[in-house]
Structures are given as C-alpha cells and as structure tokens.
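Colleague: curious how this folds, go ahead:
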Amino acid sequence: MSEQLDQRYVWLKEQIAQFDLAYYLNDSPLIADAQYDELFRELQAIEKTHPEWISADSPTQKVSGYVNQVFSEVVHGSPMLSLNNALTESELIAFDKRCRESLEISEVEYACELKFDGLAISLLYENSYLVRAATRGDGTVGENVSDNVMTISQIPHRLIGSNLPQRIEIRGEVFMTHENFQQLNVDQRNSGDKEFANPRNAAAGSLRQLDPKITAQRSLSFFAYGIGELVPLQWLPKRHSELMDQMIAMGLPVCEDRCIAHGINELLQFFQKIQASRDQLPFDIDGVVYKVNTYRLQQQLGYVSRAPRFAVAHKFPPQEAFTKILAIEVQVGRTGAITPVARLEPVLVGGVTLTNATLHNEDEILRKDVRVGDTVVVRRAGDVIPEVVMVAQEKRPIDATVFRMPSVCPICESQIRKLPGEVIARCTGGLFCNAQKLQSIIHFAHRRAMNIDGLGEKIVEQLIAEQLIRNPSDLYRLGLNALLRLNRMGEKLATNLLTAIDQSKQSSLARVIFALGIRHVGETTAKDLGKYFGSLNSFILADEEELLKVRDVGPVVAQSIRDFLSQAHNIEVIEQLMACGINPIEKVSEEIRIKAFIGKTVVITGTLSTLSRDQAKELLERAGAKVAGSVSSKTDYLLAGSDAGSKLEKAQSLGISILDEASFFELLNMQD
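Modeller: Okay, here's the model as predicted:
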C-alpha cells in the first residue's frame, strides 16, 4: 500500500507541474480549475500523512507559476504568495476558528473582496511615478512587462494626492471583461488566429505580447487589492480596508464590491450575495477573499510556506470542467429550430452532474471544430444552458468523427431548411411535428393567444401522452370523460377547463393568427394581419405579394408566413379549427379612432381596478395610440392605476398629462 501511495505521490507532483506549465506559461489549461484543486488537495493530504516525503520541489511548497525567459526577470521585494482555498462552508468555519483561537479573540473583523480570475501583477511606484511592472511568476521572480502594462488605460502612470509614500508596490489583477473578450475572439476568428478559451487566458496572453501595440489593442482592465514593498513603513494605515480607500484617493482602480464583516455569519452573507449576482458581473470571478482586516493581527498570524494564515479564498462551485463527447444529436424546438446537443460523459459542474451541453448551431460546431470523441471544456453558469466552450485538440483521438446536420427532421421527417443569412436550421413540419407539438399547444393556449385558462404544461403533457390531442384543434373535441382520465383532474376542474376552451372560440382574428405560432409573427404583426385580411380564409390564401402590403410585414416575415402555410398539415390544422367554430370575421382595417388618442404615445403604470394592462393596451391601440413601456419627453399620456411608482414621478416632473381610469374612459367615449 505504501509503495502504491508513493507512486501516486510522485505522479501527482509530476502532473501538477505539467498543468502549472500549461496554465501559467502557455496560457492553455489542460484541466479545469476544480479538477486541479482536487489533485492539489490529494497531494496535500498525502504530505500531511507522510511529512517526511515533502521536498522543496513539491507544488505545495511554492507558488504556482513560471517565468517566461522571453522577458527579463524581476525579483520581488517581498514574495507574491498564493491563497489557501476554502471550498466548503465547513472549511471556512475552520479558518475562522483558527484565526480566533490564534488571536485569542471571540470575533474577527475581516475585509471581504472579490477573487478575480485574471493575472496577478506588481506595479512599483517611486516618488509617485510608475517605474516597473512585473507578473507574479513563481512568487519570487516575475517577468518584466512594464511596456505592456503602460498601455492599460486604467493603470495610472503617476499617483495623485499629497499623502504619498516614497516607494510603494501596488499588487492587483489584470483581467479582461466579457465584452472585450468576446470582441477579441471575433477579431481572432476573422484574422484566422487561434481563439482564447476564456478571459483569464486572453488577459495573460495579451499581457505577454512582445509588441506592446498588440497589448494596447486588447482592452485589458485592472483592479488593485494590496501592496508589497513600502517606504516608509509608517505610511501604512492600521487596516486593510483603510488602505483600499487610500488607493482610491491615489487614483488607483479598486473594485466597489467589498465590505467589512464580523464573524462567520457575515462572511457567509457576503459570499451568498456575491454568488447570487455573479452572472451579472462584467468580468469573471471564481470566489471571494477574506482577509483579517487589522495589519497588526495579520502579522501576529503570519504565513505558511506559500500562503498567508490571515487570508483565505472562498471559492464558488466550478463552472467549467473537461469531459468527453460521446455523441452529437439534434433537438427540435417550438419554432422548429434544430439545435445540436452534445451527449457527454457525466461530469460534475457547479454542483450539478452534466450529461448534455448545447452546441448552438452547425456554424458554431464548424467554428470550434467539435467532433464526436473529443475532450472538451463545458461551462455552466447559473441557469444558463450548459455549453461546449472549447476543444482540447491535443487530446483528439484518431477516430473522432465530424458531425453532419441532417437534411430531414428526426421526429417528423419534414425537410430541414436554413434560410439565407440565418445560422439556425429549422424543421418545416410546424404543428405536424411531434417535437414542436407540446410547446405549440402551450403557446396556442397562452393568455395572449387563445387565453385558455387552466391549460398548463402538465395537463398538455398528459393529454399528449394519453393520445387525446395531436394538435390544437383536438382541444375542441375533448369531452368530460376524456379529461377525467387525467391524473389529479376532478370534475369541477375538468368542467372549468372545457368552459375556457369553449370561450376561446370567441377570440379575435389577431389572437388566432398569433396562436398559430408562425415564426416572426408576434402580437403586433398578428393584429396588423387580422385588420388587413379580416378572416382566416383570406389569410391562408394570401400570397407573398399580398402579405407585403400589410403594415410592417417585410420580405422575411412574408416568407416565414408562406413557409408555414405551404405545409399541407398546417393548413389541415387551421381548417379543423375553423370546423370547430373558430372562424372570426372582422371588418377589414376596422379601428375605433378616438380623437384624443390618434397618434399619441401612452404609458401604463400601476394596477387598474377594472381592466388588466393587456385590456387597456388593446383599447388604446384600437383607438389609434401607441403604447410604450417607459416614460420620456415623447410621452403624451400616463395611464396610472394604484401603486404607481417611479413612472408617475417622472411623468409629473416632465409635465405629462396623467389619466386615471375615469378620465381614460371619458376620453375613450369622445368620438371624432
């Protein structure tokens, strides 16, 4: 057993060294951060059991990182250390306990900050001027990247203020925002160059450019979070939080997402707050950092070989991991969108086991060169659908196979078509396609469409599973006995649902057209189509030339309508709906034109007592008004119900006419 453990220990040291080289020197990670952390912790656990095996070359005894020999070396005046990690709440509690017991106090005051996912940098200022910039390197020796750092607009070349030390080394993080990262990869793609895996690697690669002009084009950002060298030492404030305030006064950028916390509960509150807002940040973070706030207490706690005892990084669950693509299949959405999906070797990401990830579309697969059998990085962020980020080309097997988009729908065998200028291929099966059936019927019943109250997703799923409905027209043939077969469907609920279905037959032509779920045909377009054609029969017989005469219907919308209506099964469904009594006839171009509202812009706010917002909006549009979502100088009226908030205040400040329901109805009754 001891021999096997010894072999494992040697293997771990070699693997971690290899991963460090790829990550820190080549800016090309071989494994995800979470997998690296697992291996590193295993190494630490072995060394805890066998301290006699520890040597100076162990990754646990030095700061991870390498120095690129292309740049001149910089010896740091004081080491740039790593931080120990807390991956669980219990590990954070243990950190706080160690601090309290070592300091012999009941509660510790901490400075809380974000843990940026970028590249650590050292900025040396002498007599207020920036004289040198260096990477962390191996913690003792870094790379001189002064010329490149000088191109980062957020980093001041000279500090401001009167209370400045003679010599100060500012430490912080160089990173790239999501927006700039996406633009960089677009530029890389357009120029035929390799794209970057993530913003961290993009920032590191940009900072190590031999030509500073290239670095200047990469739009890097910077946040300061600490100091190294300092002359005179007496300049240092008593607390870290006070130092951060002083940095701002000197003109250095400091992230505003920070606070002072007392005790473990406030630490956890900060962690949870940042975790909840993480996806809204414009840059990547992988956790938060807690530091004992008072410098005197920091000195009392001291350091271990590679990290301070007074600070810890509380890391979020991983959002990325490496895994293998077992197969690539396609899914069909409500509008027929064909989405390639990667079937994955199960992998734990962000506390969830992933088995599938979206590949978006065929063009994206070709751009990333994703093949079955590839080892890939998958990412999960919040509620966003997991996606394949990049391929580990060096791990591609010889038998990796290229994906080909099918020409017919795998569900209904209708033709798959990709219109010119679009990246998404679509099944043309429409209401006939079983894959589109569930979402099509749910859309059909939506309150903005046929408004069938009580017909939710779970009931529709049961109706389809029991083969009681195949398309929306079958809803109008349902009887009480059929509904009572459904799980948890009582007689009263079934009766109410049948009543709602029957009442929906009185829906306007606009609602019926919108309910069909034709791509590009929203509520407004459906209203215009209803006003122009006046009946379902006229609508389904319209050719493209006639469709183009309708207000705001252009070639794309007209083509989408004709594609839908050219499918025989879609026409069959519409004819069945008409046979069931859904055949609204409206006077062509009929509108109630109210003098007070013709051409006016109206905003609705608050809760109306006699109308829903949708009903009020419909009345206003029929009266010739445009209903907007926000108040501006172009707003003519604000229709305000109870609990009206900021919109009412803004309208009053702009002198806009305010209508309550009584005055609204009074104006509606004024005819031309």
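Colleague: so which elements touch the host helix or strand of residue 36?
Modeller: Assessed by DSSP states H and E, residue 36 sits inside helix 33-49. Contact partners of helix 33-49 among helices and strands, from 3 or more CB pairs under 8 Å, 6 or more residues apart in numbering; DSSP states H and E: helix 2-20, strand 320-332. For every residue, glycine as well, the C-beta is placed using N, CA and C.
Colleague: relative to residue 190, which of these is closest?
Modeller: Closest approach to residue 190 among those is made by strand 320-332 (25.3 Å; CB to CB).
Colleague: following element in sequence after the closest one, please.
Modeller: strand 338-349.
Colleague: please identify the buried residues of the helix or strand following that following strand?
Modeller: Per DSSP H and E, the first helix or strand lying C-terminal to strand 338-349 is strand 352-358. The neighbour-count criterion (16 or more other CB atoms under 10 Å) identifies 354, 357, 358 as the buried residues of strand 352-358.
Colleague: measure the second one to residue 147 for me?
Modeller: Remark: distance between residue 357 and residue 147 (CB to CB, to the nearest Å) = 40 Å.
Colleague: residue ranges in the stretch 101-250 of the chain under the pLDDT threshold?
Modeller: Scanning the stretch 101-250 of the chain with the threshold set as pLDDT under 70 gives 197.
Colleague: in it, mark out all the helices, start to finish.
Modeller: Applying DSSP state H, counting those that start in this stretch to the stretch 101-250 of the chain gives helices spanning 146-149, 178-190, 199-207, 212-217, 240-249.
Colleague: tell me which of those helices sits most buried.
Modeller: Neighbour counts (mean count of other CB atoms under 10 Å) averaged over each of the helices of the stretch 101-250 of the chain peak at helix 199-207, with a mean of 24.
Colleague: now, of the helices and strands packed on helix 33-49, which is deepest in the fold?
Modeller: Most buried among these, counting by mean count of other CB under 10 Å: strand 320-332, with a mean of 19.
Colleague: average pLDDT for the strand or helix carrying residue 570?
Modeller: Here residue 570 sits within helix 568-579, counting by DSSP H and E. For helix 568-579, the mean pLDDT works out to 88.
Colleague: now stretch 269-284
Modeller: 88.
Colleague: that stretch: end-to-end distance?
Modeller: Start and end residues of stretch 269-284 are separated by 20 Å (CA to CA, to the nearest Å).
Colleague: contact partners of it?
Modeller: With CB atoms under 8 Å, 6 or more residues apart in numbering as the test, stretch 269-284 has contacts from 92, 112, 114, 116-118, 175-179, 198-200, 221, 257, 259, 261, 285, 288, 314, 316, 381-382, 384.
Colleague: for PyMOL, write a command that selects the buried ones of those.
Modeller: Applying 16+ other CB under 10 Å to these leaves a buried subset, and the PyMOL line that selects it is:
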select buried, resi 92+112+114+116+117+118+175+176+177+198+199+200+221+257+261+285+288+314+316
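Colleague: my read: residue 557 touches residue 520, true?
Modeller: Yes - counting by CB atoms under 8 Å, residue 557 touches residue 520, with 4.6 Å between them.
Colleague: of the two, give the one with the bigger neighbour count.
Modeller: More crowded of residue 557 and residue 520, by other CB atoms under 10 Å: residue 557, with 21 against 15.
Colleague: quick check: which element contains that one?
Modeller: helix 555-565.
Colleague: and that helix, what other elements does it pack with?
Modeller: Where contact means 3+ CB pairs under 8 Å, 6+ apart, helix 555-565 is packed against helix 544-547.
Colleague: output the helix it packs on as CSV, nothing but the C-alphas.
Modeller: What follows is helix 544-547, C-alpha atoms only, in CSV (Å, rounded to 0.1, in the frame of the first residue of the first chain):
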residue,chain,number,x,y,z
GLU,A,544,-46.3,36.9,-50.7
GLU,A,545,-47.2,39.9,-52.7
GLU,A,546,-50.4,40.5,-50.8
LEU,A,547,-48.7,39.9,-47.4
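Colleague: so what secondary structure elements neighbour it?
Modeller: If you count contacts as 3+ CB pairs under 8 Å, 6+ apart, helix 544-547 packs onto helix 555-565.
Colleague: quick one, strands of the stretch 301-450 of the chain?
Modeller: 311-315, 320-332, 338-349, 352-358, 371-372, 375-379, 387-391, 401-402, 416-417, 426-427 (DSSP state E, counting those that start in this stretch).
Colleague: turn the ones you listed into CSV, columns for distance to residue 539 and mean pLDDT.
Modeller: Shown next, in CSV, are these (distance: least, CB to CB, whole Å; pLDDT from 0 to 100):
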stretch, distance to residue 539, mean pLDDT
strand 311-315, 57, 91
strand 320-332, 26, 88
strand 338-349, 27, 87
strand 352-358, 35, 83
strand 371-372, 44, 93
strand 375-379, 44, 86
strand 387-391, 39, 84
strand 401-402, 43, 92
strand 416-417, 22, 84
strand 426-427, 21, 86
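Colleague: dump those strands into a markdown table; add distance to residue 296 as well.
Modeller: Below are those laid out as a markdown table (distance: least, CB to CB, whole Å):
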| stretch | distance to residue 296 |
| --- | --- |
| strand 311-315 | 15 |
| strand 320-332 | 39 |
| strand 338-349 | 42 |
| strand 352-358 | 43 |
| strand 371-372 | 58 |
| strand 375-379 | 42 |
| strand 387-391 | 45 |
| strand 401-402 | 63 |
| strand 416-417 | 70 |
| strand 426-427 | 67 |
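Colleague: for stretch 451-466, what is the average pLDDT?
Modeller: Here stretch 451-466 scores 87 as its mean pLDDT.
Colleague: measure it end to end?
Modeller: Using CA to CA, the two ends of stretch 451-466 sit 23 Å apart.
Colleague: could you dump the helix holding residue 570 to PDB, C-alpha only?
Modeller: In PDB, the C-alpha atoms belonging to helix 568-579 read as follows (Å, rounded to 0.1, in the frame of the first residue of the first chain):
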ATOM      1  CA  ALA A 568     -50.400  20.900 -46.000                       C
ATOM      2  CA  HIS A 569     -50.500  19.600 -42.400                       C
ATOM      3  CA  ASN A 570     -50.600  23.200 -41.100                       C
ATOM      4  CA  ILE A 571     -53.400  24.100 -43.400                       C
ATOM      5  CA  GLU A 572     -55.300  21.000 -42.300                       C
ATOM      6  CA  VAL A 573     -55.000  22.100 -38.600                       C
ATOM      7  CA  ILE A 574     -56.300  25.600 -39.500                       C
ATOM      8  CA  GLU A 575     -59.200  24.100 -41.400                       C
ATOM      9  CA  GLN A 576     -60.000  21.800 -38.500                       C
ATOM     10  CA  LEU A 577     -60.000  24.800 -36.100                       C
ATOM     11  CA  MET A 578     -62.500  26.500 -38.500                       C
ATOM     12  CA  ALA A 579     -64.700  23.400 -38.500                       C
END
